[in-house]
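Colleague: Return atomic coordinates for the entry below.
(chains A and B)
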Protein chains: 2
Amino acid sequence: MYFEDYEVGQTSRFGAYEVTESEIKEFASKYDPQFFHLDNEAAKDSLFGGLCASGWHTSAIFMRMLIDNLPEDHGSLGSPGVDKLKWLKPVFPGYVLSVKALVTDCRLSLSKPGVGLICMSYEIVNQHDECVMSLDSNAFMKCKKR
Amino acid sequence: MYFEDYEVGQTSRFGAYEVTESEIKEFASKYDPQFFHLDNEAAKDSLFGGLCASGWHTSAIFMRMLIDNLPEDHGSLGSPGVDKLKWLKPVFPGYVLSVKALVTDCRLSLSKPGVGLICMSYEIVNQHDECVMSLDSNAFMKCKKR
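Modeller: Residues are numbered from 1 along each chain as shown, chains lettered A, B, ... in the order given. Got it, this is the predicted structure:
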């Protein structure tokens, strides 16, 4: 997948990442040690109603699904950032997450020759097709060699 | 720190997180296995000019600094999301990151009694005071008991 392979309006769906309790706690103990990500009992009294993944953990899992979905030969050059990152529903242990992607814009970089910018809108859904997270993201993408 | 302790315009600075090469590779191998986060030699030819941390890793480190900066008695209830998350400069091994925070808005939740929303603008800077990442974030915060 190179810049020229993307078109506005393209959609795709991919990923099947099972979120385990142990992975939720491992990530949280390193990066987001709040009780609703670490303590099953105490989490029942939180706004979320139970132990759930850090939003940053869900974001990292999303990234992994994105990378696993790239073909071996691809032109991805990294991302300058994301917008409107929303954690809409808690991600509980046992959830199987997947990604719905929509291409919203494709444009050539003015400053970097041979590089384009792909704008995407993503929804991360659980096994019941409920959206747990959404974001808009940009990625630099190499153009095909001529 | 509870809802009433925040005021628009308040600033703070905190954190001193040293980013190691081994942590960069460990995070990337799980969540963002792209060559510029894993392979020192190949990364030299990337847009970043060398091995650097995943943007999601820097985001997770930011979260850890945020949590470590909360006093034991606090009213943080989690976040509905962030906006304008920008990865402005690569985060190289050996960087020591810290956070500059600015309170931009404080308002009571209309739907959740006793809960407020604090809006913050953050800059994550390296040891040379260069901004490597910025974002706007909202957090639900308990009000003090009356």
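
Colleague: And for the residue lying closest to residue A:127 once chain neighbours are set aside, the neighbour number?
Modeller: Nearest non-adjacent residue to residue A:127, counting by Cβ to Cβ, 6 or more residues apart in numbering or on different chains: residue A:96, 4.4 Å away. Every C-beta, even on glycine, is put in place using the N, C-alpha and C of the backbone. Neighbour count of residue A:96, defined by other Cβ atoms under 10 Å in any protein chain shown: 13.

Colleague: Surely residue A:96 is in contact with residue A:61?
Modeller: No - with contact defined as Cβ atoms under 8 Å, residue A:96 does not reach residue A:61; the gap is 10.8 Å.

Colleague: intersection of neighbour lists for the two?
Modeller: Shared contacts of residue A:96 and residue A:61 (Cβ atoms under 8 Å, 6 or more residues apart in numbering or on different chains): A:17, A:19.

Colleague: hang on, the earlier thing: what bridges to the residue nearest to residue A:127?
Modeller: Following DSSP bridges, residue A:96 is listed with bridge partners residue A:18.

Colleague: now the residue nearest the centre of chain A: how far from residue A:87?
Modeller: The C-alpha lying nearest the average C-alpha coordinate of chain A belongs to residue A:62 (Cα atoms, centre = their mean; 2.7 Å). With distances taken as Cβ to Cβ, to the nearest Å, residue A:62 is found 11 Å from residue A:87.

Colleague: can you list residues touching both of those two?
Modeller: By Cβ under 8 Å, 6+ apart, the residues touching both residue A:62 and residue A:87 are residue A:133.

Colleague: Now for residue A:81, how many residues are close by?
Modeller: Per other Cβ under 10 Å, the neighbour tally for residue A:81 reads 17.

Colleague: Would you mind getting the angle between the lengthiest helix in chain A and helix B:55-68?
Modeller: Ranked by residue count under DSSP state H, the longest helix found in chain A is helix A:55-68. If you take axes from the mean of the first three to the mean of the last three Cα atoms, to 10 degrees, helix A:55-68 sits at 170 degrees to helix B:55-68.

Colleague: other SSEs contacting helix A:55-68?
Modeller: Judged by 3 or more Cβ pairs under 8 Å, 6 or more residues apart in numbering or on different chains; DSSP states H and E, helix A:55-68 is in contact with strand A:11-18, helix A:21-31, strand A:81-87, strand A:96-108, strand A:115-125, strand A:131-142, helix B:21-31, helix B:55-68.

Colleague: May I see the buried residues of it?
Modeller: Neighbour counts over helix A:55-68 (16 or more other Cβ atoms under 10 Å in any protein chain shown) mark A:55-67 as buried.
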